[in-house]
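Undergrad: sharing a model that was predicted from the sequence below.
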Amino acid sequence: MTKDKVLETVNALPAEFELEELIERLIFIEKVEAGAAALDRGDAVSHEDVKKLVQSWRK
């Protein structure tokens with residue numbers, strides 16, 4: 001995450017906010033960016049493969 005992204009997130013919050021809200025937003029952004037990077041690298045599992053995996057857990 002970049003400093004600019006943190007500042008953008010802070011600036012999008014209201015004048016008064018809970019610190020927990022900021023932390024949750026930053027964690028969410030970090031997770032979304034990590035997921036997008038994984039997709040770009042091809043490190044993803046298709047929906048069909050996930051369905052098959054879940055089915056195997058039920059046996």
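TA: Sure thing, it's come through.

Undergrad: can you pull the contacts of Val6?
TA: Going by C-beta atoms under 8 Å, 6 or more residues apart in numbering, Val6 touches Leu26. Where C-beta positions appear, they are placed from N, C-alpha and C, glycine not excepted.

Undergrad: work out for me the element it sits within.
TA: Element membership for Val6, per DSSP states H and E: helix 3-12.

Undergrad: need the next SSE after that helix, C-terminal direction.
TA: Downstream of helix 3-12, the next assigned helix or strand under DSSP H and E is helix 19-41.

Undergrad: any buried residues in that next one, and which?
TA: Under the neighbour-count criterion of 16 or more other C-beta atoms under 10 Å, helix 19-41 has Arg25 buried.

Undergrad: what packs against it?
TA: Using 3 or more C-beta pairs under 8 Å, 6 or more residues apart in numbering; DSSP states H and E, the elements in contact with helix 19-41 are helix 3-12.

Undergrad: show me where the protein dips below the pLDDT cut-off.
TA: In the predicted model of the chain, no residue satisfies pLDDT under 70.

Undergrad: hey, C-alpha coordinates of the helix holding Val6 in CSV?
TA: Output of helix 3-12 as CSV, limited to C-alpha atoms (Å, rounded to 0.1, in the frame of the first residue of the first chain):
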residue,chain,number,x,y,z
LYS,A,3,1.2,6.5,1.4
ASP,A,4,-0.9,8.2,-1.2
LYS,A,5,-3.6,5.5,-0.9
VAL,A,6,-3.6,5.9,2.9
LEU,A,7,-4.0,9.6,2.6
GLU,A,8,-6.7,9.2,0.1
THR,A,9,-8.6,6.9,2.4
VAL,A,10,-8.2,9.2,5.4
ASN,A,11,-9.4,12.2,3.3
ALA,A,12,-12.5,10.2,2.3
